[in-house]
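A.B. asks: Here's a sequence, model it:
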Amino acid sequence: MWLHAGIIHLVVNMTSLMLVSYRLEQEFGFARIAPLYLLSGFGGSLLSCLHHKGKKEIVSVGASGALFGLLGTMLSELIANWTIYENKCTSLSVLGSVIALNLAFGFIPGVDGVDNLAHIGGFASGVLLGFILFLRPQYGYVSEKYIAAGYDAKHRKPKYMHYQQLCWIIALILLVLGYALGLSKLYKGDKIHNEPLPHSHS
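C.D. replies: Below you'll find the predicted structure:
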């Protein structure tokens, strides 16, 4: 995620990062965006390594997996918090078009040097992480510290709706299983060779 193929690659990725992550970081804060970015980048790199395992040695650089993770998170955040959004269909259509165009770029014939597996892995990780990290309390929820004395708590809305809680559980299970199985498959059958260090003479 930290290495790039030149100044142009770096500038393009950093510009994309600024455009994509600005709204998310303003709304949810750095403490959530940072682990999302790192874990999405890890997911993209993991899928890329699995795809290229056993093939000739290649070098894959760039933060595209993490960037696609942010796009995936925007999609799952919209779905998870569906009830509080206005213009739902418009938002979903615009976001879906942006994601589809970015993914399609990697499948254009003649475009070399694009690791689309890293994009897909980062995007899938971002979708799952969005359901885990970016749930919003449902409309009308009031925290206990703001409830007046004598108010009947039975009439208070729960913080999250049932479908949000279900999405959180399923996403967490899929994310942990995906990373665990991916790492297990990646290192399956590999042996660690202990080679003696060369002796130095003064």
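
A.B. asks: who's in contact with the spatially most central residue of the chain?
C.D. replies: Closest residue to the average C-alpha location of the chain: Gly126 at 2.0 Å, with C-alpha atoms, centre = their mean. Counting by C-beta atoms under 8 Å, 6 or more residues apart in numbering, Gly126 makes contact with 36, 40, 43, 68-73, 76. All C-beta atoms are positioned from the backbone trio N, CA, C, and that covers glycine.

A.B. asks: how about a cut-off of 10 Å?
C.D. replies: Neighbour list for Gly126: 36-37, 39-41, 43-44, 65-77, 133 [criterion: C-beta atoms under 10 Å, 6 or more residues apart in numbering].

A.B. asks: how close does it get to Lys159?
C.D. replies: Going from Gly126 to Lys159 by C-beta to C-beta, to the nearest Å gives 24 Å.

A.B. asks: now Leu103
C.D. replies: Leu103 is 34 Å from Lys159, by C-beta to C-beta.

A.B. asks: Please apply the same query to Ala66.
C.D. replies: If you go by C-beta to C-beta, the gap between Ala66 and Lys159 works out to 29 Å.

A.B. asks: More neighbours: these two, which one.
C.D. replies: Using other C-beta atoms under 10 Å as the criterion, Ala66 and Lys159 rank with Ala66 on top: 27 against 15.

A.B. asks: leaving aside the residues next to it on the chain, what's closest to that one?
C.D. replies: Take Ala66 and drop its neighbours on the chain: the residue closest to it by C-beta to C-beta, 6 or more residues apart in numbering is Gly41, 3.5 Å away.

A.B. asks: Now do the contacts for the nearest residue to His52 once chain neighbours are set aside.
C.D. replies: Once flanking residues are discounted, His52 sits nearest to Ile58: 5.7 Å by C-beta to C-beta, 6+ apart. Taking C-beta under 10 Å, 6+ apart, we find Ile58 in contact with 48-49, 52, 115.
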